[in-house]
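1. what would the 3D arrangement of this be:
(one chain, ligands or ions: 1)
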Amino acid sequence: MAVLAIHDLSCYSKSSLTVVIPVMEALGVETAVLPVSVLSTQTDGFDDVAAVDNTEGMERILAAFSHLGIAFDGVYTGYLGDNRRVDIALKAIESSGHPVLVDPVMGDDGELYPSLSEDLPSHMLRLVKKADIITPNLTEAMMLTGLDDGIRKLGQRDIKDLIDVLRSFGPRQGVITSIPLVAGGLGNAAWDGNEIRLFSYDDLGSSFPGAGDLFASVLYALTIRGDSFFGSALHAQEIASYAVQSSLRNGRERRLGIELYPALREISRRML
Ligand code: PXL
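-> Numbering: from 1, shown residues only. Sure thing, here's the model as predicted:
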């Protein structure tokens, strides 16, 4: 069993593939990659990023896989960075198995990430419609649904309204992450078919690039291995929170991304 992870490769700083590969492999899921680009660093907090475009390379790699008869048991897409790569990701999904997890990485704190185009959300929506599972943060959920009235605290009714629209796009399972709650703290709101669960957690005041990739990687790997969706979402949240806490405690510079070693240690300690 092997899945295909479609994200950028950031050479320095932890995010996307440098998080996805070690975490999924630690959880026993063989992970092949289709890098969308090679970047010197992830983009959040760095204003001079060297980017090597791999859009054409993606097409050639998929064609080579096809000639070799290589097929995947699932696809997990994340940061794509360019609308043209949405069509290539759709092609990869068409020739692969399920579940398909789409993490529609586009922005945070109400803003698009640097250098992304304003019409990315409409293209990302085409991918979301082919997904079995999606993991937008609140900013991305609002960009996808058009229910964007700025970041504020949400109550149960607002969360259900957002999930209803996201579910209507097709994904049977999903999690909206990092929701500021009227009741205090933050929450991850997960749905599995018609059921919804809200998992709340402490607001640590800061997150790190790559924390969302860590969350989605744990969720996807455990779900593929057959764990329950809500149980997987809870493990993913606890491991991501633990890694953010450790990164803060160790004084890690935010733009270097989430510290990975504590997450890997926690995966092992839980005997996942
Ligand atoms: O962790 C999400 C992510 C992935 N890839 C790149 C990013 C970010 C977040 O900023 O910049 C290149």
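2. need the residues of the stretch 51-200 of the chain near the ligand, please.
-> Tyr79, Val105, Tyr113 (CB under 6 Å from any ligand atom). In short, each C-beta sits where N, CA and C put it, glycine included.
3. how about CSV for these, with secondary structure and neighbour count added?
-> Shown next, in CSV, are those (DSSP: H, G, I helix; E, B strand; the rest coil; neighbours: other CB atoms under 10 Å):
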residue, secondary structure, neighbour count
Tyr79, coil, 26
Val105, coil, 26
Tyr113, coil, 17
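4. okay, the closest residue to Thr18 other than its chain neighbours and Ile88: tell me how far apart.
-> Counting by CB to CB, 6 or more residues apart in numbering, the nearest residue to Thr18 once its immediate chain neighbours are dropped is Ser10, at 6.1 Å. To Ile88, Ser10 is 19 Å away according to CB to CB, to the nearest Å.
5. name the helices or strands packed onto the one helix or strand Leu264 maps to?
-> Using DSSP states H and E, Leu264 maps to helix 260-269. On a contact count with 3 or more CB pairs under 8 Å, 6 or more residues apart in numbering; DSSP states H and E, helix 260-269 meets helix 17-26, helix 211-224, helix 229-249.
6. would you mind writing the CA trace of the longest one as PDB?
-> Same thing as helix 229-249. What follows is helix 229-249 as a C-alpha-only set of coordinates in PDB (Å, rounded to 0.1, in the frame of the first residue of the first chain):
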ATOM      1  CA  PHE A 229     -12.300   9.300  11.700                       C
ATOM      2  CA  PHE A 230     -13.000  11.100  15.000                       C
ATOM      3  CA  GLY A 231     -10.400   9.000  16.900                       C
ATOM      4  CA  SER A 232      -7.800   9.900  14.200                       C
ATOM      5  CA  ALA A 233      -8.800  13.600  14.400                       C
ATOM      6  CA  LEU A 234      -8.200  13.600  18.100                       C
ATOM      7  CA  HIS A 235      -4.800  11.900  17.900                       C
ATOM      8  CA  ALA A 236      -3.800  14.400  15.100                       C
ATOM      9  CA  GLN A 237      -4.900  17.400  17.200                       C
ATOM     10  CA  GLU A 238      -3.100  16.200  20.400                       C
ATOM     11  CA  ILE A 239       0.100  15.400  18.500                       C
ATOM     12  CA  ALA A 240       0.000  18.800  16.700                       C
ATOM     13  CA  SER A 241      -0.700  20.700  19.900                       C
ATOM     14  CA  TYR A 242       2.200  18.800  21.600                       C
ATOM     15  CA  ALA A 243       4.600  19.800  18.800                       C
ATOM     16  CA  VAL A 244       3.500  23.500  19.000                       C
ATOM     17  CA  GLN A 245       3.900  23.500  22.800                       C
ATOM     18  CA  SER A 246       7.400  22.000  22.500                       C
ATOM     19  CA  SER A 247       8.400  24.400  19.700                       C
ATOM     20  CA  LEU A 248       7.300  27.400  21.900                       C
ATOM     21  CA  ARG A 249       9.000  26.000  25.000                       C
END
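7. that one to helix 17-26, inter-axis angle?
-> Per axes from the mean of the first three to the mean of the last three CA atoms, to 10 degrees, the angle that helix 229-249 makes with helix 17-26 is 130 degrees.
8. residues touching helix 229-249, excluding its own?
-> For helix 229-249, contacts defined as CB atoms under 8 Å, 6 or more residues apart in numbering pick out 133, 173, 175, 188, 190, 192, 195, 197, 199, 201-202, 204, 206-208, 211-212, 214-216, 218-219, 222-223, 227, 258-260, 262-263, 266-267, 270, 272.
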